[in-house]
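Trainee: sharing a model prediction with you, sequence too.
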Amino acid sequence: MTKGFGDYVRKRREALRKEDDTFSVRQVAQRIGVEPSFLSKVERGKAPAPSEAKVVALARELGEDPDVLLALAGKVSSDLQAAIRKRPELFATLIRELKGMPDYAVLRLVREVRDGKW
């Protein structure tokens, strides 16, 4: 199961609930389209993370980055999967090279690619 994912979701939801009662398990579950008992089990690590679409909806509900929640759930978004499938060797090499780099170097590379400086 995805205990880290569930813990993260529960802590974030409970923090939001301190300021806004609409972040109860029941209300959040209703807004993302799952049963409250299922969301409760996910938060306790007793059920696997929901589908990609539900994780993305949950991320938006909690004000989190969908890619971060997907990663915590052990998933990769379908758009990233499609990009990887187009050039699997290249992306595998890229990710393996990036994993040892410090964050500032990865961020610099991302900015250069985004700004067209490559």
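Mentor: Now that the structure is in, tell me what you want to look at. None of these values were measured; they are calculated from a predicted model.
Trainee: low-scoring stretches of this protein, by residue?
Mentor: Regions of the chain meeting the criterion pLDDT under 70 cover residues 1-3, 117-118.
Trainee: helix, strand, or coil at the spatially most central residue of the chain?
Mentor: Central residue of the chain (Cα atoms, centre = their mean): Leu69, 1.7 Å from the mean position. Put simply, Leu69 is helix when judged by DSSP: H, G, I helix; E, B strand; the rest coil.
Trainee: find the nearest non-adjacent residue to it, please.
Mentor: Closest residue to Leu69 apart from its sequence neighbours, by Cβ to Cβ, 6 or more residues apart in numbering: Ala59 at 4.3 Å. Yep, even glycine has a C-beta here, placed from its N, CA and C like the rest.
Trainee: just the residues contacting the helix or strand hosting that neighbour, thanks.
Mentor: Under the criterion of DSSP states H and E, Ala59 resides in helix 52-62. Helix 52-62 has contacts (Cβ atoms under 8 Å, 6 or more residues apart in numbering) with 9, 12-13, 16, 28, 31-34, 49-50, 64-66, 68-70, 73, 75, 77-78.
Trainee: try it again with 6 Å
Mentor: 12, 28, 31-32, 34, 49, 66, 69-70, 73, 75 (Cβ atoms under 6 Å, 6 or more residues apart in numbering).
Trainee: give the buried residues for stretch 73-89.
Mentor: Within stretch 73-89, the residues that qualify as buried are 73, 75, counting by 16 or more other Cβ atoms under 10 Å.
Trainee: gap between the two ends of that stretch?
Mentor: 24 Å (Cα to Cα, to the nearest Å).
Trainee: what of stretch 14-33?
Mentor: Across stretch 14-33, first to last residue, Cα to Cα, it's 19 Å.
Trainee: which other residues reach that stretch?
Mentor: 13, 36, 39-40, 54, 57-58, 61.
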